[in-house]
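J.: how would this look folded up:
(2 chains)
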Amino acid sequence: MAHKNQERSSYEQQWKQAFEQAELKPSDDLWENIDGALTRQESGKYRRGFFFYRAVAAVALLVLAGLGLYTANDYLLHRQDNTVSSATDQPAAESTLPAQPLSPEAPVASRGGTQSAQETDPAGQVAAPDHAAATPLAGQGSLSDGAVALANPKAKARATVAAPVGLPDNTQQAREDGASVRQAVAVSYIASRGIEAIPPPGMAWVQEVDQLYLVPNPYVKDPRKEADRTVFFAGLTLAGNYFDPNISAQPSVSVLENALTAGDYNYNAPLSMADAKTSNSWATTQSAGVRNTPDISLSYAAQVGMHLTKHLSLESGIGYGRFNTQTSTNWSIQNAQSDQKSPLAFSNTQEASRNLRYSPTTNFTNSFELLSLPLKMGYHIIWGSVDVFLSSGMAANFFIRNTLSDAGGQYEEVSIGAGENSPYKPVFYTGLVSGGVNYNFSGNYFLTLAPKYQFALTEMTQNDALITSQPYSFGMDLGLRYTFR
Amino acid sequence: MHDEKAIISGCVKGDRAMQKALYEQYAGKMLVVCMRYSKCREDAEDILQESFIKVYAHLEHFRRESTLGFWIKKIVINTALNYHRKSVYLYPHIDIDDMHQIGAEDIEMNNYHFKDLLHVLQSLPQGCQTIFNLYAIEGYKHKEIAGMLQISEGTSKSQYARAKTLIKDLITEKGEVKHGS
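T.: Now for the predicted structure:
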C-alpha cells in the first residue's frame, strides 16, 4: 500500500510522524451508540433466523399433515374391511390358514353339506384342507345350516363370526336364534347385506351348497393395488404470479444516508431535502423517493413426478420466471467515468455512495429473473375424472439477474447478476404450498389448475448486503399433464 | 488487559465485553484518523462508529496478514472515503506545474502539535484533504489514490499540490497556525 520510505520526502515523513502516536478520547456516548447499533443488528439477525425456522416448521407441519391424512385414510380403509369381522363378543379365533391367492383352476370353498360348529372344530376353526385359500370362519355355538364365513382379504385372516344364510335381517331374529347381542348385530349386518353385499376390493362372494365364503377373486384386479402402483407423469404449466421481493434495509445501513448527505442536490432540489440531509433512517430515504410496487408476471415450468400410492405423489421439475415489479425513484447514479446514468433502485444501493443525484421522478420496471428447481409432496383425492390435491415442498431458486428498464428511455437498461459483487445470492430457498385440481379430460391427459403460494426460507440477498429481501409470491398454475400408464 | 487473540475470538462470538475491550484499545487512535478525513468531530465520530460496526462484522475474516491495528485503520479509511465520496467535481484538475512552485518542504512540521495540524487538514477543501491524507500520511501512491477515488492520476497529483500550497498558506511565517481559515 505505502510507497517506500526512501521515496518519501522529509515533508511527508514529518506529517506521518506527527500523527503516529496521536490519540483523542472519543465522546462518552460513542460506545453506547455502537452498543445500540450492535444490539439492533443482532435482533435483526434473530428475526431473520426466526423467520427461517418458522418457515421450516410450516413446511414440516404441512408434510406431517399430509402424511397424517394419508395414514388416517389408510386406517379407515382397513377398518372398513374389518368392520363385519370384528363385531362379536366372542374372542376371535385366529385362523391358522394363511391367505393365499387362488388360481382360477383352484376349487372354491366347499363344505359338502350342513354342519354345525361343533362338528367342524372344537376351537371354532373350520378345516378346509382341499381349498386352503378360502377361509371359512366359524363363530362358536351359533352356526346353523348354511353358515356364512367371512375372511379378511388381508394376509392375516381373522376368523371371527359365522352366520347362517337366510337369517332374518334384523337383530331380534338373530337373538331368537341364540346369538349374543353383539353377535346378533354382526349377524344382522351380514344378513342385511347378505349375498347382495359388495365384497371388498379383490374379493368375491362364493356360495357352495350352504356355505358362503369370501375368497380372492382371480378375475378381478384389486383396484387399491392397481392404484398403489407407481405411475409417472410429466407436464407443462404457465402461471400468473404476483411477486413481491419484499425488500428492506438492515438496521445499521448508513451508506444511503451518507450518500444523501454527500450527494449533489443542486439539480432540482427536492422539498424533502431537509429531511433527507438529516435522515438517519431508511424510511426517510424511501420517502425521499425509492418505492417498489409488486406486479403481475408470467412464469413457465415443466414438471415430472410419480404417484407413489393412490394418494401420494412426488414431483420435481424446472421453472423460469421474470418477475416484474414497478419502482419509482427520485434518485439517479451517475458513473463518474462513463457518465452513464442509472436509476437508484434497491439493487444498486452500494453504488449510490459515489455519485448520487436528485432527479425528477422516474418509473421503471425492476425485474427479477429466477430459475427454480422445486421438490413437492402431494396428497390426492380422486373422484372419477377429478383429482383434487394439496402439495407442499421447497424450491432451490437460482438468481439469474435483476434488470432495471426505463420504458421512458431516460436511463439505459442496467442488469445486476448474483455473486460476490452483487447484493443477491446465487441461490436461495423458498417453501411451496399449492392446491388445485387435475381434470382427466381425455385418455392420459389432465388439465391442471392450481393456486400456489411461495415464501422465502432463506434471504435472496447476501448476508453483508445493504438490503435484505425475503420474497414471496402468489400465483395460479394452468397446465397440461400426461400420465404414463 | 486481554490479549489480542482473546479479544478477536470474543468479538467474533459477539461477546460485548470483548467488543468493548477492542474499542477501548483502538478508538483513541482511530478517532484521530477519522478527524484527519473529516471537517468536524461529529462527522469523525460518525465514521468511527460505522467503522467499528464493520470491524465487528468482518473480524472473523481477519487473516492476521497484517497487524490488527493496521487492518482496523484500513477499514476506518475506507469508511471515511465512503462517507465523503462525492462526484468528480470534488477533485477539480489544476495545473500540475503548480507543484514545483510550492516550497512547502521548508516548513518544519515537528514544531507543531498534532492538534494544530489537524486544524490545518480540516481547513482544506474536502478533495485536497482526502488526497493529502492518502498520499502524505498513509503513504499511497498517486496511481493507487486515482484507483481508490476513481479519478485520474493527474488529478490526484494536482490536488496534492494544491493541498500543499494551502497548507503553507495556513501556517504563517511566524510559525502560527491560522485557525478557521
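
J.: A:Ala58 against A:Gly431, yeah?
T.: Yes. Counting by C-beta atoms under 8 Å, A:Ala58 does reach A:Gly431; the two are 6.5 Å apart. (Glycine included, C-beta is placed from N, CA and C.)

J.: ok, the two, which is more surrounded?
T.: A:Gly431 (20 against 15; other C-beta atoms under 10 Å in any protein chain shown).

J.: can you pull the contacts of the nearest residue to that one once chain neighbours are set aside?
T.: Nearest residue to A:Gly431 in three dimensions, chain neighbours excluded: A:Val59, at 4.7 Å (C-beta to C-beta, 6 or more residues apart in numbering or on different chains). Contact analysis of A:Val59 by C-beta atoms under 8 Å, 6 or more residues apart in numbering or on different chains lists A:392-394, A:431, A:457.

J.: state the mean pLDDT of the helix or strand containing A:Val59.
T.: Using DSSP states H and E, A:Val59 falls within helix A:30-86. Averaging pLDDT along helix A:30-86 yields 71.

J.: now stretch A:406-424
T.: Mean predicted confidence for stretch A:406-424 is 80.

J.: CA-only coordinates of that stretch in PDB, if you can.
T.: Extracted C-alpha coordinates of stretch A:406-424, given in PDB (Å, rounded to 0.1, in the frame of the first residue of the first chain):
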ATOM      1  CA  ASP A 406     -36.800   2.500 -18.100                       C
ATOM      2  CA  ALA A 407     -39.500   2.500 -20.700                       C
ATOM      3  CA  GLY A 408     -39.300   6.300 -20.900                       C
ATOM      4  CA  GLY A 409     -35.800   5.900 -22.300                       C
ATOM      5  CA  GLN A 410     -34.200   8.300 -19.800                       C
ATOM      6  CA  TYR A 411     -31.900   5.700 -18.500                       C
ATOM      7  CA  GLU A 412     -30.100   2.800 -20.200                       C
ATOM      8  CA  GLU A 413     -31.000  -0.700 -19.100                       C
ATOM      9  CA  VAL A 414     -29.000  -2.000 -16.200                       C
ATOM     10  CA  SER A 415     -28.600  -5.600 -15.200                       C
ATOM     11  CA  ILE A 416     -27.200  -6.900 -11.900                       C
ATOM     12  CA  GLY A 417     -26.300 -10.500 -11.500                       C
ATOM     13  CA  ALA A 418     -25.700 -12.600  -8.500                       C
ATOM     14  CA  GLY A 419     -22.400 -13.300  -6.700                       C
ATOM     15  CA  GLU A 420     -19.600 -11.600  -4.900                       C
ATOM     16  CA  ASN A 421     -20.100  -8.000  -6.000                       C
ATOM     17  CA  SER A 422     -23.900  -8.200  -6.000                       C
ATOM     18  CA  PRO A 423     -26.300  -7.900  -3.200                       C
ATOM     19  CA  TYR A 424     -28.000 -11.100  -4.400                       C
END
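
J.: going by neighbour count, list what's buried in stretch B:5-25.
T.: B:7-8, B:10-12, B:18-23, B:25 (16 or more other C-beta atoms under 10 Å in any protein chain shown).

J.: how long is it end to end?
T.: End-to-end distance for stretch B:5-25: 13 Å, by C-alpha to C-alpha, to the nearest Å.

J.: that stretch vs chain A: in contact?
T.: Yes. Stretch B:5-25 reaches chain A (C-beta under 8 Å from any C-beta of the partner chain) through B:14, B:16, B:19-20, B:23.

J.: make TSV from these and add distance to B:Lys29 to it.
T.: Output for the residues of stretch B:5-25 next to chain A, formatted as TSV (distance: C-beta to C-beta, whole Å):
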residue	distance to B:Lys29
B:Gly14	24
B:Arg16	21
B:Gln19	17
B:Lys20	16
B:Tyr23	11
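
J.: of the residues you listed, which is the nearest to A:Ile381?
T.: B:Gly14 (49.9 Å; C-beta to C-beta).

J.: would you mind measuring from that closest one to A:Asp35?
T.: 12 Å (C-beta to C-beta, to the nearest Å).

J.: ok, now A:His307?
T.: Using C-beta to C-beta, A:His307 is found at 58 Å from A:Asp35.

J.: which one's more surrounded, those two?
T.: Shown here are A:His307 and A:Asp35; by other C-beta under 10 Å, A:His307 has more neighbours (22 against 15).

J.: residues making contact with stretch B:59-76?
T.: Applying C-beta under 8 Å, 6+ apart, the set of residues contacting stretch B:59-76 is B:4, B:8, B:11-12, B:26, B:29-30, B:33-34, B:47-48, B:51, B:54-55, B:58.

J.: list only buried entries from those residues.
T.: The neighbour count (16+ other C-beta under 10 Å) marks B:8, B:11-12, B:26, B:29-30, B:33-34, B:47-48, B:51, B:54-55 as buried among the contacts of stretch B:59-76.

J.: thank you kindly, that will do.
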